[in-house]
Every structure is written in C-alpha cells, then in structure tokens.
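1. Here is a sequence with its predicted model. Questions after.
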Amino acid sequence: MDAMVPDIGPALAARIRLERASREWSMDELSRRAGVSRATISKIEREECSPTATVLGRLSGAFGIS
C-alpha cells in the first residue's frame, strides 16, 4: 500500500518568503544571519530545491522560530 505524502515545498517556500518579508530582510541579510548562501535561499523560495534539515535549522534559527 502506497501512502500519499503531501508536498510541503510550496508552503515552506511561502513561509520563508513571508518571514523574510515581515522582517524587511533582503535575501542577502537572511543569508548573512543564517549562514546559508543567497543562491540556496533563492532556490528554496522559488521551489527549485528543498532545504536539508541543517539548512532549515539555520533558517529557523535566524528567524528565531522553531
């Protein structure tokens, strides 16, 4: 039996954009605060890649959320 796994990519990308915009941070600012490349942040926000657990941890740490 195959289980349907929802694609959380769009919701995750939207949440990262929302958190960044609500703080009025550029991608460069988030990159500096999280220690994640600007290119990676851009790809995540455009849903071109999914963040690893490490990257997601760094982003949430920069935002101060769990």
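-> That came through, no problem. Residues are numbered from 1 along each chain as shown.

2. Could you pick out the longest helix of this structure?
-> helix 9-22 (DSSP state H).

3. and the following helix or strand past that helix, what does it pack onto?
-> Using DSSP states H and E, the helix or strand that directly follows helix 9-22 along the chain is helix 27-34. When contacts are defined as 3 or more CB pairs under 8 Å, 6 or more residues apart in numbering; DSSP states H and E, helix 27-34 packs onto helix 38-45, helix 53-63. From N, CA and C alone the C-beta is placed, and that goes for glycine too.

4. Quick check: mean pLDDT of the last one?
-> This means helix 53-63. Average pLDDT, helix 53-63: 96.

5. For it, buried residues please.
-> For helix 53-63, burial by neighbour count (16 or more other CB atoms under 10 Å) applies to Val55, Leu56, Arg58, Leu59, Ser60, Ala62, Phe63.

6. before we move on, back to that, now the helices and strands packed on helix 27-34 in JSON lines, please, with extra columns for distance to Asp7.
-> Converted to JSON lines, the helices and strands packed on helix 27-34 look like this (distance: least, CB to CB, whole Å):
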{"stretch": "helix 38-45", "distance to Asp7": "14"}
{"stretch": "helix 53-63", "distance to Asp7": "16"}
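
7. Indicate which one of these is closest to Pro10.
-> Nearest to Pro10, of all the helices and strands packed on helix 27-34, is helix 38-45, at 10.7 Å by CB to CB.

8. okay, the angle between the closest one and helix 9-22?
-> 120 degrees (axes from the mean of the first three to the mean of the last three CA atoms, to 10 degrees).

9. Quick one: mean pLDDT over helix 38-45.
-> 97.

10. so that helix versus helix 53-63, what angle?
-> Going by the same axes, to 10 degrees, helix 38-45 makes 100 degrees with helix 53-63.

11. Output the contacting helices and strands for helix 38-45.
-> Counting contacts by 3+ CB pairs under 8 Å, 6+ apart, helix 38-45 packs against helix 9-22, helix 27-34, helix 53-63.

12. Lys43 is nearest to which of the ones you listed?
-> Of all the helices and strands packed on helix 38-45, helix 9-22 sits nearest to Lys43, with 9.6 Å by CB to CB.
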